[in-house]
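Colleague: what follows is a predicted protein model with its sequence.
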Amino acid sequence: MSAFRRTLKLLPTIQRSYHVTVNRKCSVVHSSPTKRVKTMLSSSSLSYTKSRDIHTTITQQQATIVPFKLSDIGEGIAEVTIKEWYVSVGDEVAQFDNICEVQSDKATVTITCRYDGIVRAVHFETEDVCRVGQALVDIEVSDEEAENVLPSNSPSESVPVPIQTQGSSSSVSTPAGSQTSTPAPATPDPNREILTTPAVRKLAADNKVDLVLVPGTGKGGRITKDDLLNFMSSLSSSEPVPQVQQEQVVRQEPPIATIPTAHFWNSSPTSQLIGGASTQLEDTVVEIKGIAKVMVRTMTAAQQVPRFTYHDEYSMDNIVQLKELMKKLGKEHKTKLTFMPLLIKAASQALNEFPMINAHVNSDCTAVTYKASHNIGIATDTPHGLMVPNIKNVQNLSILDIASELERLKTLSENNKLSTDDVTGGTFSLSNVGAVGGTYASPMLVVPEVCIGAFGKIQTRPAFNSAGEVYPSNTMCVSWSGDHRVLDGATVARYSNTLKRYLEDPNLLLFHLK
C-alpha cells in the first residue's frame with residue numbers, strides 16, 4: 001500500500017514531464033513512453049498499457065506563471081545592471097540554479113533560482129537596469145509549488161495556463177513576455193509594467209511622452225527606441241514639435257553631450273574642416289551606471305566632509321635594498337611580492353598606536369567608532385573604473401599573506417568579479433598613485449572612514465647625509481587626507497611620522513610586529 005501511495009505522488013510529475021494519462025484502473029496509457037517512464041512505472045504499483053486508440057487523449061492540468069523578482073540583496077542597493085543571462089525562454093530550471101549575473105553599485109552577484117519549473121519569459125536584456133522588486137523572469141511552476149511560493153492575498157501575480165499532453169494539435173498558451181510578441185492593446189493599460197531601456201526612458205522624459213501610451217513591439221511588449229520615435233512622429237501636427245525634432249530641424253546640431261571626465265582630452269570639436277568644407281560632428285552621450293555610478297555617490301558624499309591634506313617625503317633607501325630579497329621570496333611562495341604589501345603592513349602597525357585613524361564617524365557626526373579590525377582598502381584602477389576592495393584583518397596577516405590577498409583582489413577587480421564582502425567593511429584606505437606616475441595627491445575620503453593615504457612613486461633625488469655630502473636618495477612622496485570634524489592635523493602628522501620611521505628603518509618595524 002505504501003508503494004501505491006508513493007506512486008500517486010509521482011503522477012503529477014509523470015503527467016507533466018512525459019505527457020501520460022491514467023485510466024480508472026490506475027494503469028498508465030501512453031503512445032510511446034520513454035525509458036525513464038517505464039523505469040518509474042516498473043518500480044511502482046502501476047501497470048503500463050500500450051494503446052493506439054487513445055493516443056490523442058488530452059489530460060489538462062493547471063500550471064502557474066510565477067514572476068521571479070529581484071530581491072533586496074542588501075547594502076542599500078536599489079538597482080542592478082544585468083551583465084549575463086544563464087537561462088533563456090523554454091529552459092527547465094531548479095532551485096539554486098544560476099539565473100543571471102548582475103552588477104550592483106558595489107559588486108557583481110550571481111542570482112539563483114528559488115523555484116522548480118520552466119522559464120516562460122525573460123524581461124531584461126544584458127546591460128539593462130533592473131530595480132529591486134521587478135520581475136527578472138517568469139517561471140511556470142506546478143500548482144502545488146505555486147501555493148507554497150505565492151501569498152494567498154496576491155493571486156494577480158500568477159497566471160494559470162492549461163498544459164496539454166503530446167499528441168494534441170493545441171499548444172501551450174504563451175504568457176505575456178515570452179518569445180512571441182504580444183500586440184499592444186487598443187486601450188493603454190495604465191497599470192502595465194513598462195519594459196524598456198534607460199536611454200528610451202530618458203528620451204521619453206526629455207520629450208514629455210508618457211510611455212504607457214506607446215505600443216511596444218519588442219519581446220514581451222518591450223518599448224524600443226524606434227517605437228518611441230514612431231509614436232512621436234505619429235502625433236498630430238497641431239501638437240508642438242518634440243524637443244528632439246526641434247534640435248535637429250531648427251538648431252541643426254545635436255544636444256550637448258555628457259562626456260566622462262576621463263575622456264575630456266579625447267573629445268573632438270563640434271565642427272571640423274574636411275576638404276575645405278565644414279562638417280558637423282556628433283557628440284556622444286554616455287550614461288553613468290555601474291562602477292561609475294558608485295563614484296558619483298561616494299565622491300558626492302566625500303565632498304560634503306570638511307577635510308584637510310597633509311604631505312611629507314619618506315626615504316625609501318632601506319626598503320629599496322630589500323628588492324632582490326623580496327623577488328626571491330616571491331618566487332619561493334609563488335606570489336608577486338612588491339613594496340605595496342610592506343607599506344600596507346607598516347600602515348597597519350602604525351594604526352595600533354593611533355586607533356582614532358582607523359575609525360568610522362556616523363552620518364550626523366555625533367559619534368566615532370574605533371574599529372578593532374584593520375580592514376585596509378586599496379584604491380584599484382581597473383578597466384571598469386575605480387574600485388576600492390579591502391584586505392580584512394591586516395593586523396593578523398604576514399607580509400606574504402597580504403601579498404597573496406592583494407593579488408587575489410587585483411585579479412577579481414580586473415575581471416569585475418569582486419564580491420560584496422570584498423568591497424564593504426573597510427576601515428582605512430590607501431591609494432598607490434605612484435603606479436601611474438603620480439607624486440603628490442589630495443585623496444578623497446571613503447565615507448564613513450576618517451582618513452586616507454596616497455603613496456607617490458619612488459624617485460631618485462639628491463640629498464645630504466650627516467657629513468653634509470650629497471648622495472642619491474630614493475624618496476617617496478606621501479599625501480594624507482583627514483576628516484577635520486574628528487581629526488586634527490597634528491594627529492595625522494604624528495601618525496605619518498610613525499609610519500615614516502617604520503619604513504626608513506625596517507628593523508624597527510620588525511621589532512614591533514606581534
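Modeller: Received, thanks.
Colleague: for the record, mean pLDDT for stretch 411-423?
Modeller: Taken as a whole, stretch 411-423 has an average pLDDT of 90.
Colleague: how far does that stretch stretch from start to finish?
Modeller: 14 Å (Cα to Cα, to the nearest Å).
Colleague: which elements pack onto the helix or strand harbouring Asp227?
Modeller: Using DSSP states H and E, Asp227 maps to helix 225-233. Packing partners of helix 225-233 (3 or more Cβ pairs under 8 Å, 6 or more residues apart in numbering; DSSP states H and E): helix 198-206. (C-beta placed from N, C-alpha, C; glycine too.)
Colleague: same question for the helix it packs on, mean pLDDT?
Modeller: Mean pLDDT, helix 198-206: 80.
Colleague: quick one on the thing from earlier: what does the helix holding Asp227 contact?
Modeller: Helix 225-233 is contacted by residues 197, 199-200, 203-204, 207, 209, 211, 213-218, 242, 244-245 when judged by Cβ atoms under 8 Å, 6 or more residues apart in numbering.
Colleague: buried residues, it. List them.
Modeller: Residues of helix 225-233 classed as buried: 227-229, 231-232 (neighbour count, 16 or more other Cβ atoms under 10 Å).
Colleague: for stretch 398-409, same thing?
Modeller: For stretch 398-409, a neighbour-count test (16+ other Cβ under 10 Å) marks 399-407, 409 as buried.
Colleague: in a markdown table, list those residues along with distance to Arg114 and secondary structure.
Modeller: A markdown table is the format used below for the buried residues of stretch 398-409 (distance: Cβ to Cβ, whole Å; DSSP: H, G, I helix; E, B strand; the rest coil):
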| residue | distance to Arg114 | secondary structure |
| --- | --- | --- |
| Ile399 | 44 | helix |
| Leu400 | 42 | helix |
| Asp401 | 38 | helix |
| Ile402 | 39 | helix |
| Ala403 | 40 | helix |
| Ser404 | 36 | helix |
| Glu405 | 33 | helix |
| Leu406 | 36 | helix |
| Glu407 | 35 | helix |
| Leu409 | 31 | helix |
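Colleague: give me the low-pLDDT residue ranges for the stretch 251-400 of the chain?
Modeller: 251-278 (pLDDT under 70).
Colleague: contacts only, for the residue lying closest to Ala292 once chain neighbours are set aside.
Modeller: Excluding the flanking residues, the one nearest Ala292 by Cβ to Cβ, 6 or more residues apart in numbering is Gly385, at 5.4 Å. By Cβ under 8 Å, 6+ apart, the contact list for Gly385 reads 290-292, 294-295.
Colleague: which of these fall in helices?
Modeller: 291-292, 294-295 (DSSP state H).
Colleague: what's the closest of those residues to Ala78?
Modeller: Comparing the ones in helices among the contacts of Gly385 against Ala78 with Cβ to Cβ places Val294 closest, at 12.8 Å.
Colleague: and for that closest one, the neighbour number?
Modeller: Per other Cβ atoms under 10 Å, the neighbour tally for Val294 reads 19.
Colleague: over to Ala346?
Modeller: The number of residues packed near Ala346 is 23, by other Cβ under 10 Å.
Colleague: how much space separates it from Ser363?
Modeller: To Ser363, Ala346 is 32 Å away according to Cβ to Cβ, to the nearest Å.
Colleague: also Asp91?
Modeller: Here Asp91 is placed at a distance of 44 Å from Ser363 (Cβ to Cβ).
Colleague: of those two, who's got more company?
Modeller: When Asp91 and Ser363 are compared for neighbours, Asp91 comes out ahead with 17 against 8, by other Cβ under 10 Å.
Colleague: which residue comes closest to that one once chain neighbours are left out?
Modeller: In space, and not counting its chain neighbours, Asp91 is closest to Val119: 4.8 Å by Cβ to Cβ, 6+ apart.
Colleague: also Ala403?
Modeller: Ala403 sits nearest to Pro341 (Cβ to Cβ, 6+ apart), 4.1 Å away.
Colleague: same thing with Asn352?
Modeller: Gln395 (7.1 Å).
Colleague: the one you found: what secondary structure?
Modeller: At Gln395 the chain is in helix, as set by DSSP: H, G, I helix; E, B strand; the rest coil.
Colleague: follow-up on the earlier one: can I get the buried residues of stretch 398-409 in CSV with distance to Val447?
Modeller: Compiled in CSV, these are given as follows (distance: Cβ to Cβ, whole Å):
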residue, distance to Val447
Ile399, 29
Leu400, 32
Asp401, 28
Ile402, 25
Ala403, 29
Ser404, 29
Glu405, 24
Leu406, 24
Glu407, 28
Leu409, 21
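Colleague: pick out whichever of these sits closest to Leu487.
Modeller: Lowest distance from Leu487 to those (Cβ to Cβ) belongs to Ile402, with 25.2 Å.
Colleague: name the nearest of the contacts of Gly385 relative to Ser442.
Modeller: Ser442 lies nearest to Met295 out of the contacts of Gly385, by Cβ to Cβ, at 16.0 Å.
Colleague: low-confidence stretches in the stretch 401-514 of the chain?
Modeller: Within the stretch 401-514 of the chain, the set of residues satisfying pLDDT under 70 is empty.
Colleague: as a check, name the ranges of all helices in it.
Modeller: Along the stretch 401-514 of the chain, counting by DSSP state H, counting those that start in this stretch, helices occupy 420-423, 489-504, 506-512.
Colleague: and those as JSON lines, adding distance to Ala467?
Modeller: Output for the helices of the stretch 401-514 of the chain, formatted as JSON lines (distance: least, Cβ to Cβ, whole Å):
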{"stretch": "helix 420-423", "distance to Ala467": "50"}
{"stretch": "helix 489-504", "distance to Ala467": "18"}
{"stretch": "helix 506-512", "distance to Ala467": "23"}
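Colleague: list just the one of these that sits closest to Asp128.
Modeller: With respect to Asp128, and counting by Cβ to Cβ, the nearest of those is helix 420-423 at 21.1 Å.
Colleague: now that closest one: buried residues?
Modeller: 420, 422-423.
Colleague: now swap in stretch 346-365 and tell me
Modeller: 346-351, 354, 356-361.
Colleague: relative to Gly468, which of those residues is nearest.
Modeller: Nearest to Gly468 out of the buried residues of stretch 346-365 is Ala346 (Cβ to Cβ; 29.7 Å).
Colleague: fine by me, thanks again.
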